[in-house]
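[1] Compute the structure for the input listed below.
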Amino acid sequence: RMETDYNPMEMSNNMGFEEDSDYRDFDGADVKDMRLEAEAVVNDVLFAVSNMFVSKTLPCAEDVAYINVETRERNKYCLELTEAGLRVVAYAFDQTDDSLQTPYHETVYSLLDSLSPAYREFFGNALLQRLEALKKDSQS
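    Numbering: from 1, shown residues only. Next up, the predicted model:
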């Protein structure tokens, strides 16, 4: 019989994670969850920006992490990552400016797309190259 419902608890049991692992879902979140999420965000788009890393200065918690990003235009931002998404919280590394009321973006792609035309172009070109490579692979 085919299973159609996805149960994250079944998945985690099958994946060999311990019950007290850092990889629990958000209901049982511990302090490392948002940092892990932030690291994944950085790894996803690092190739398309000048510099990007999780802040070591600002506190990471179970519900928030901060990411520093420098665009290809050399603009620096500090991003806040929460369950609501990502938003700019300062125009410098390792800082937050409470007076900034910037919108949340669901994905790092849409955030960077709005901040950096060079990111958009670089990401688009990388995507095209990947598609061309796949096309060649499927023809051989």
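[2] For the spatially most central residue of the chain, which non-adjacent residue is closest in space?
    Nearest to the mean C-alpha position of the chain, by Cα atoms, centre = their mean, lies Val41 at 2.0 Å. Once flanking residues are discounted, Val41 sits nearest to Val108: 4.9 Å by Cβ to Cβ, 6 or more residues apart in numbering. Any C-beta I mention is one placed from the backbone N, CA and C, and that applies to glycine too.
[3] before we move on, the earlier item: how far away is the residue nearest to the centre of the chain from Met34?
    According to Cβ to Cβ, to the nearest Å, Val41 stands 10 Å off from Met34.
[4] any idea which element Tyr66 lies in?
    strand 65-70 (DSSP states H and E).
[5] what stretches of this protein score poorly on pLDDT?
    For the chain, the stretches with pLDDT under 70 are 1-32.
[6] Where is the longest helix in it?
    helix 117-139 (DSSP state H).
[7] quick one, helices of the chain?
    Ranges of helices within the chain are 8-14, 33-45, 108-115, 117-139, based on DSSP H.
[8] Pick the most buried one from those.
    helix 108-115 (a mean of 19; mean count of other Cβ atoms under 10 Å).
[9] Packing partners of that helix?
    Helices and strands touching helix 108-115, by 3 or more Cβ pairs under 8 Å, 6 or more residues apart in numbering; DSSP states H and E, are helix 33-45, strand 85-90, helix 117-139.
[10] Now do that helix: everything it contacts.
    41, 44-45, 48-49, 69, 71, 75, 77, 79, 85-88, 105, 119-120, 123 (Cβ atoms under 8 Å, 6 or more residues apart in numbering).
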